[in-house]
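**Student:** Give me a 3D structure for the following:
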Amino acid sequence: MSPVVAAMPGSRAVGAQRPPSLGPSAARTISQTQRRGASSGSPYNALLRARRTQCPNARGSYIWSLSTDRASEIACGRWDCSWCQWRKRAAACLILQWGLETAWSGGERVRFLTLTDGSRGKMTVADFYKAWNRLRVALARDRPGGAYMKEYAAVVEVQKRGALHLHVLMTGRYVPQRKLVGMAMAAGFGRCTDIREVRRVARDREKGSAAYVTKQLAGYLTKQSAVALAAKTNERRRPLRTSRGWGDGITMRGAMRLLADAWLEDAGKDRDSGPFAFVQVLAGGDVLVRVGSEWQRHQPPGANPSQAVR
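**Tutor:** Numbering: from 1, shown residues only. The predicted model follows:
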């Protein structure tokens with residue numbers, strides 16, 4: 001197994017079982033295709049053999065490889081999805097670990113900061129992020145000796161009683177506890193502010209160890225946490241936020257691509273290099289295909305062109 005995959009909690013093998021049924025639009029399209037036939041190189045032929053996702057929120061969207069004539073159904077990619085969440089959680093853990101290793105390789109110290117609700121559980125998600133933005137700017141301000149914070153990765157936690165906590169991994173120079181508490185309270189957070197150094201070499205169960213911190217943060221990146229966060233706001237909020245330079249700029253998309261490559265390598269498969277087209281199944285059985293910036297509408301094989309919906 002690839003070291004990248006082995007390090008990720010909850011990782012699964014490529015080729016997990018597929019769901020027995022499709023959405024109504026895709027099922028209707030494939031039924032029409034089976035009756036009328038489809039030629040190689042058409043989107044319908046690719047849909048017949050498409051790899052299905054177990055995501056319950058899939059909406060008939062596919063990625064179609066024009067070089068191999070293979071298609072894969074697109075999952076919703078939401079944090080609160082029972083199927084997509086474990087992939088995003090694995091990618092988030094990779095981002096956290098990548099950032100830690102990058103910081104240590106560059107001679108930086110990493111500290112683990114915990115911030116609490118400043119109004120005894122009454123802060124909204126919007127208020128919480130506004131407070132973080134104020135504190136983030138204050139910590140990153142240039143000072144003699146350097147900024148208190150250079151790069152960061154922040155994970156929001158919704159406690160059972162509904163209060164919000166923010167857990168932050170950050171690089172930068174040492175900030176005294178008393179000064180940090182004052183800056184946090186001035187930004188809108190509570191008095192209870194904890195900060196400790198994350199050590200590269202330490203016992204796994206020690207609170208300052210990288211293994212302990214990563215496991216703790218991963219515990220907040222669950223479907224239940226995402227649902228609880230969504231219940232406190234009308235806007236979609238990301239439970240993980242990073243600065244542009246954290247981990248040399250690794251993104252969620254980049255981390256998921258690295259994991260996908262590692263899973264394919266473990267399965268003995270090569271990555272499809274494309275080119276690719278986006279395929280969307282419509283309710284009437286037609287499909288929209290986008291190649292580059294151009295859209296094309298395809299009818300099921302054997303359909304009367306005069307009956308096409310414009």
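**Student:** only C-alpha atoms for contact and neighbour calcs from this point on.
**Tutor:** Will do.
**Student:** The residue nearest in space to the middle of the chain: what's it in contact with?
**Tutor:** The chain has residue 88 as the residue nearest its centroid, 3.7 Å off, counting by Cα atoms, centre = their mean. By Cα atoms under 8 Å, 6 or more residues apart in numbering, the residues touching residue 88 are 77, 79, 252, 256.
**Student:** List buried residues within these.
**Tutor:** The neighbour count (16 or more other Cα atoms under 10 Å) marks 79, 252, 256 as buried among the contacts of residue 88.
**Student:** Would you confirm that the second one contacts residue 91?
**Tutor:** Yes. With contacts defined as Cα atoms under 8 Å, residue 252 counts as touching residue 91 at a distance of 6.3 Å.
**Student:** Distance check, residue 106 against residue 63.
**Tutor:** Look at residue 106 and residue 63: by Cα to Cα, to the nearest Å, they are 39 Å apart.
**Student:** Now for the closest residue to residue 190 other than its chain neighbours, how many residues are close by?
**Tutor:** Using Cα to Cα, 6 or more residues apart in numbering and skipping residues adjacent in sequence, the residue nearest residue 190 is residue 118, 3.6 Å away. When neighbours are counted by other Cα atoms under 10 Å, residue 118 registers 23.
**Student:** And the pLDDT at residue 118?
**Tutor:** pLDDT, residue 118: 78.
**Student:** quick one: contacts for it?
**Tutor:** 185, 188-191.
**Student:** Got the phi and psi for it?
**Tutor:** For residue 118, the backbone dihedrals (degrees, to the nearest 10) come out as phi -90, psi 0.
**Student:** wait, isn't residue 225 in contact with residue 160?
**Tutor:** No. Look at residue 225 against residue 160 with Cα under 8 Å: they stay out of range, at 9.7 Å.
**Student:** Comparing the two, which residue is more hemmed in?
**Tutor:** The residue with more neighbours, out of residue 225 and residue 160, is residue 225; 20 against 9, by other Cα under 10 Å.
**Student:** pLDDT score for the more buried one?
**Tutor:** For residue 225, the model assigns a pLDDT of 70.
**Student:** Does residue 63 touch residue 69 like I think?
**Tutor:** No. If you go by Cα under 8 Å, residue 63 and residue 69 don't touch, sitting 10.3 Å apart.
**Student:** Fine, thanks again, bye for now.
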